[in-house]
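Q: Predicted model and sequence below, questions to follow.
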Amino acid sequence: MNSPQVDLEVSTLKLNRVVIEGMEPQIDGGRFAIKRVVGDRVTVEADIFADGHEVLSAVVLYKAASENDWRETPMRFLENDRWQAEFQVALLGRHFYTVQAWVDSFQSWSRDFLKKYDAGQDVSVDLLVGAGLVQSAAGRARGDDAKRLSDFASQLRPLAGFKSGVPAGVIRSAELADLMARFPDRSGATTYAKELRVIVDRERALFSSWYEMFPRSCTDNQQRHGTFRDCISRLDYVAGMGFDVLYLPPIHPIGVSGRKGKNNCFPPAPDDTGSPWAIGAKEGGHKSIHPELGSAADFKLLQAKAAERGLEIAMDIAFQCSPDHPYVREHEEWFRHRPDGSIQYAENPPKKYEDIFPLYFENEHSRELCEELKSVVLYWIEQGIRIFRVDNPHTKPFDFWEWLIDEVQRDYPETIFLAEAFTRPKVMYRLAKLGFTQSYTYFAWKNSKSELTQYLTEVTQRPISDFFRGNLWPNTPDILNEYLQQGGAPAFTARLILAATLGASYGIYGPAFELCENRAVKAGSEEYLDSEKYQIRVWPVDHAFSLRGLITRVNQIRRENQALHTNLGLRFHRIDNDQLIAYTKVSGNGSNVLLVIVNLDFRYKQSGWVEIPINELGLDPSQPYEVHDLLMDARYQWHGPRNYIELSPSPLPAHIFKIR
């Protein structure tokens, strides 16, 4: 049986000669945006090649969403058909980029002409070809540029009459090369198949120091509920330690039905205050303020006083309801019902959370639910909030978060969303891809040298670092890990320095952290005894044994050293003791180099020889160099790549060396 004949009308095909593939950076084939902050440079690479032997040219095209016209920057050839270019993002919000490449007829002609010319061959016809290419470029140019190109074309044509000794100066003219590069023939250009996206955030999205504090515990009497005005009196304390974000757990009315008492007991005592995450009561829901905290005016005053001290208030968004929330009464369809007609409360078997009703998105009115939740975020944006810590985002639909964040950041691109999602790695990464600005991490449970090295290498290397910004927390109201329970002050000190130097963003839950609160509710639990989640605590913030002074110094070091303002430039180094961890952080331009060494053993002194790549750090191996311990303000002369380290758990189990 004969194969059917296929008539191929070549004249109807667009024969793209240039191939563009292997383009980076891009996330999941361009499905998601990469992340940068204002002022960053985006490095773009791609494999670019074509049939034949002509010279290629390529550019990166880029623009902000608010701009109509593309900007461009030329790409440079690296090796093996790999090309690269950079562009800078200067505006908040969405940006787009792609690559365009074409066969460069003039460069191809110029290269081949000079080869023939230098070999003494007849180039008369080649000169006419070149003159035609230059004249065509004149037609694409305007004004003086068009005139100069026409002049060059006129100079080339008469040269075709020379039988020997043709002057080649005009072909080698830098001005001609520049003009032809500015007005190339792109009629056969290939553009990469997708416009890729960059989300550009403000600097605090990358570099920030968070302090979490319960407003109701800003009191000197456990029987008196703290207020926003009490919080104002503690602002100098928080700002004085060098934090720039003050995160408050939910500030909304707390439900009574199903309320949990001290240490999560049930039923509660009559005076138990309940969990702030059991949101909603007769006083209102997610757009209301707990009356014992104060008024909306008090909250605005707190924001203003915080801003005067360089602090920005971060607010908790927990999309869940107490049984007393107005949503339960007004929108029963937004909740899952059990066969007996009752509403399903939250469970994480065997744990039960009778004081919390999860929202049910798989209902016929999900659109109304999503719009209402968006209105909650927009309401608090109208009240001046631009940072949201989102509680348990992995328990809501992924599509919802992608839609909500995109909707909000379209009008308020300065808004930061921190995902509090201690869940499976791929789920955490998906949330980051969907738009969450920062993410909680597994740092709290990475305590050994191998665990820290493997995990921090993973999250600070591309492609993950292009979309995932970790915010490292050694403790939270939910997490008092075994290391902190057993290690006391040396463990808290080591974890502080690790969090603050491994990550560009980190946070602590205080005053529990600086006071080294390490009492668990029971053996094997990570829950605090007398947890603030269920009761008011009075904290002796001026206690003599507080880590307040150390925290202040560490945050000062962070501010003064650009190497700590980024998650890039992290590299771990060999040290011949598994209880000691060593790593460098290097600023983008290489001018700021820090070497951090931490004793992970909170019981005993540890020593070892650390090896650093002095050649890669720009140090002369034949000369001594200075390492300045920024924690103790001590200076040492080191020689060569291997040097001896000895660290005790107390008073300081770490060095933060600035290498000069």
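A: Received, thanks. Residues are numbered from 1 along each chain as shown.
Q: mind checking how far stretch 630-647 is from the chain centre?
A: Counting by C-alpha atoms, centre = their mean, to the nearest Å, stretch 630-647 is centred 32 Å from the centre of its parent chain.
Q: So which bits of it are buried?
A: Buried residues in stretch 630-647, defined by neighbour count with 16 or more other C-beta atoms under 10 Å: L630, L631, W638, P641, N643, I645, L647. Bear in mind the C-beta positions are built from the backbone N, C-alpha and C, glycine included.
Q: What is the most widely separated pair among those?
A: L631 and P641 (22.9 Å; C-beta to C-beta).
Q: Just the buried residues of stretch 630-647: which are in strands?
A: Judged by DSSP state E, strands contain the following of the buried residues of stretch 630-647: W638, N643, I645, L647.
Q: Tabulate those (TSV), appending pLDDT and distance to E79.
A: TSV is the format used below for these (pLDDT from 0 to 100; distance: C-beta to C-beta, whole Å):
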residue	pLDDT	distance to E79
W638	96	36
N643	96	37
I645	97	40
L647	98	44
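Q: Could you export the residues you listed as JSON lines, including distance to C321?
A: Converted to JSON lines, these look like this (distance: C-beta to C-beta, whole Å):
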{"residue": "W638", "distance to C321": "59"}
{"residue": "N643", "distance to C321": "58"}
{"residue": "I645", "distance to C321": "53"}
{"residue": "L647", "distance to C321": "49"}
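Q: so which of the residues you listed would you say is closest to H252?
A: Out of these, the member with the shortest distance to H252 (by C-beta to C-beta) is L647, at 45.5 Å.
Q: residues contacting the spatially closest residue to that closest one that is not a sequence neighbour?
A: Nearest non-adjacent residue to L647, counting by C-beta to C-beta, 6 or more residues apart in numbering: N599, 3.9 Å away. Listed by C-beta atoms under 8 Å, 6 or more residues apart in numbering, the contact set of N599 reads A494, Q579, L580, K605, Q606, L647, S648, P649, P653, A654.
Q: And those residues, which is closest to R229?
A: Nearest to R229 among the contacts of N599, with distances taken as C-beta to C-beta, is A494, at 36.4 Å.
Q: my guess is the closest one meets L652, correct?
A: No - contact criterion C-beta atoms under 8 Å: A494 and L652 do not qualify, at 9.3 Å.
Q: how close does the residue nearest to Y379 when sequence neighbours are not counted sit to W638?
A: Excluding the flanking residues, the one nearest Y379 by C-beta to C-beta, 6+ apart is K287, at 5.0 Å. Counting by C-beta to C-beta, to the nearest Å, the separation of K287 from W638 is 58 Å.
Q: now A141
A: Distance from A141 to W638, by C-beta to C-beta: 59 Å.
Q: E517 now?
A: Going from E517 to W638 by C-beta to C-beta gives 38 Å.
Q: ok but V198 is inside a helix, no?
A: No - V198: not assigned to a helix; according to DSSP: H, G, I helix; E, B strand; the rest coil it is strand.
Q: what bridges to it?
A: Judged by DSSP bridges, the bridge partners of V198 are I34, H95.
Q: mind listing what the closest residue to F214 other than its chain neighbours touches?
A: Nearest non-adjacent residue to F214, counting by C-beta to C-beta, 6+ apart: E532, 4.8 Å away. By C-beta under 8 Å, 6+ apart, the residues touching E532 are F214, S217, P477, A512.
Q: quick one: secondary structure of E532?
A: coil.
Q: okay, it: pLDDT?
A: If you check E532, the pLDDT there is 97.
Q: ok, now how distant is it from D178?
A: Taking C-beta to C-beta, one finds E532 at 67 Å from D178.
Q: what do you get for R603?
A: In this view, R603 and D178 are 68 Å apart by C-beta to C-beta.
Q: Looking at these two, which is more packed in?
A: R603 (13 against 10; other C-beta atoms under 10 Å).
Q: residues touching the residue lying closest to the more buried one once chain neighbours are set aside, list them.
A: Among residues not flanking R603 along the chain, P649 sits closest, at 6.4 Å (C-beta to C-beta, 6+ apart). Going by C-beta under 8 Å, 6+ apart, P649 touches P490, A494, N599, D601, F602, R603, Y604, K605.
Q: Please repeat the previous calculation with a cut-off of 7 Å.
A: Listed by C-beta atoms under 7 Å, 6 or more residues apart in numbering, the contact set of P649 reads P490, N599, D601, F602, R603, Y604.
Q: which residue sits closest to the residue nearest to the spatial centre of the chain in space, ignoring its chain neighbours?
A: Residue closest to the average C-alpha location in the chain (C-alpha atoms, centre = their mean): R469, at 3.2 Å. If the residues on either side of it in the chain are set aside, R469 comes closest to Q438, at 4.8 Å by C-beta to C-beta, 6+ apart.
Q: show me what contacts the one you found?
A: A205, I416, L418, R469, N471, S505 are the contacts of Q438 under C-beta under 7 Å, 6+ apart.
Q: Check what pLDDT it gets.
A: 98.
Q: Please apply the same query to the one 10 residues further on.
A: S448 is assigned a pLDDT of 97 by the prediction.
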